[in-house]
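Student: Okay, here's the prediction I keep looking at, along with the sequence it came from:
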Amino acid sequence: MFHSKDDVLTLLIHLGYLSYDAETKTVVIPNQEVADVFGDAVDGEGWEEIGELIQESDDLLDATLCGDSDAVAEALEKVHPANSSILRYNNEASLSSAIMIAYYTARRIYKIVPEFPHGKGFADLVFLPKKGSDKPVMIIELKYDKDADTAIRQIHENRYDGDLKDYFGNLLLVGINYDKDAKGADAKKHSCVIEKM
């Protein structure tokens, strides 16, 4: 009986189709022969786009954890228009939804909580590491028509980090801004500031 994806992955590991890496806590295809069979199974079936989106989501999380704010802003410039209605593009809720989609694969190691009540208000998005993860808590504050530094300042001023004392290790503050009135080369530009605490 399968009750969760972990049950399925465990079976595939025991059958030898997958192997488990205890250091990274991930499963991988163990050898080229199995990888080739897997590739043949999904080749030409429209999975290329899904694989690309998963890789982009993984890359976005890696860039965030490494503090590469330019890469994060660039990734969001691609994701935001692809996942927002043209009628609702210019609002914080639309940006928040696009970001949750962009960080989809982060759900493997994080619980993502929108409008997290902390400090003197609500943090737009908080990424809480799942049990056993050594990743930092991430607080993401969104702005539009301001700047990413304003978002970081709001995190500090409203003490969003204050109620996260039960989480140990580093904390990442991520401020993201979108300027809806930008024109020309700056149209649909996103900016990002990442601060490690």
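Tutor: Okay, I see it. As the structure is a computational prediction, the values presented were derived from the model and not from experiment. Numbers count the residues shown, from 1 in each chain.
Student: So Tyr51 versus Ile29, what's the distance?
Tutor: No, residue 51 isn't Tyr; it's Gly. 13 Å (C-beta to C-beta, to the nearest Å). Yep, even glycine has a C-beta here, placed from its N, CA and C like the rest.
Student: Could you list the low-pLDDT ranges of this structure?
Tutor: Scanning the chain for pLDDT under 70 picks out 42-47, 80-93, 117-121, 160-169, 180-188.
Student: ranges for the strands of it?
Tutor: Remark: strands assigned in the chain by DSSP state E are 19-21, 26-28, 110-118, 121-129, 137-144, 171-178, 190-196.
Student: In a markdown table: the ones you listed, plus mean neighbour count and distance to Val37.
Tutor: Listed next are the strands of the chain as a markdown table, based on neighbours: other C-beta atoms under 10 Å; distance: least, C-beta to C-beta, whole Å:
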| stretch | mean neighbour count | distance to Val37 |
| --- | --- | --- |
| strand 19-21 | 12 | 15 |
| strand 26-28 | 14 | 15 |
| strand 110-118 | 15 | 32 |
| strand 121-129 | 20 | 34 |
| strand 137-144 | 23 | 37 |
| strand 171-178 | 23 | 39 |
| strand 190-196 | 19 | 40 |
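Student: Ok, which of these comes nearest Asp6?
Tutor: Relative to Asp6, the nearest member of those by C-beta to C-beta is strand 26-28, separated by 9.9 Å.
Student: How about residues contacting the closest one?
Tutor: Residues outside strand 26-28 that contact it (C-beta atoms under 8 Å, 6 or more residues apart in numbering) are Leu9, Leu12, Ile13, Leu18, Ser19, Tyr20, Asp21.
Student: go with 10 Å
Tutor: With C-beta atoms under 10 Å, 6 or more residues apart in numbering as the test, strand 26-28 has contacts from 6, 9-10, 12-13, 17-21, 34-35, 108-109.
Student: Can you tell me which of the residues you listed has the most neighbours?
Tutor: Leu18 (19 neighbours; other C-beta atoms under 10 Å).
Student: Tell me how far it lies from Pro30.
Tutor: Distance from Leu18 to Pro30, by C-beta to C-beta: 7 Å.
Student: what do you get for Ile152?
Tutor: From Ile152 to Pro30 the distance is 43 Å (C-beta to C-beta).
Student: With neighbour numbers in mind, choose between the two.
Tutor: Ile152 (21 against 14).
Student: so what's the closest residue to the more buried one other than its chain neighbours bridging to?
Tutor: Counting by C-beta to C-beta, 6 or more residues apart in numbering, Gly175 is the residue found nearest to Ile152 once chain neighbours are left out, at 4.0 Å. Counting by DSSP bridges, Gly175 is bridged to Glu141, Val193.
Student: show me the residues around Asp70 that make contact.
Tutor: Taking C-beta under 10 Å, 6+ apart, we find Asp70 in contact with Ala63, Ser191, Cys192, Ile194.
Student: Quick check: the farthest pair among these?
Tutor: By the measure C-beta to C-beta, Ala63 and Ser191 form the most distant pair in the contacts of Asp70, at 14.3 Å.
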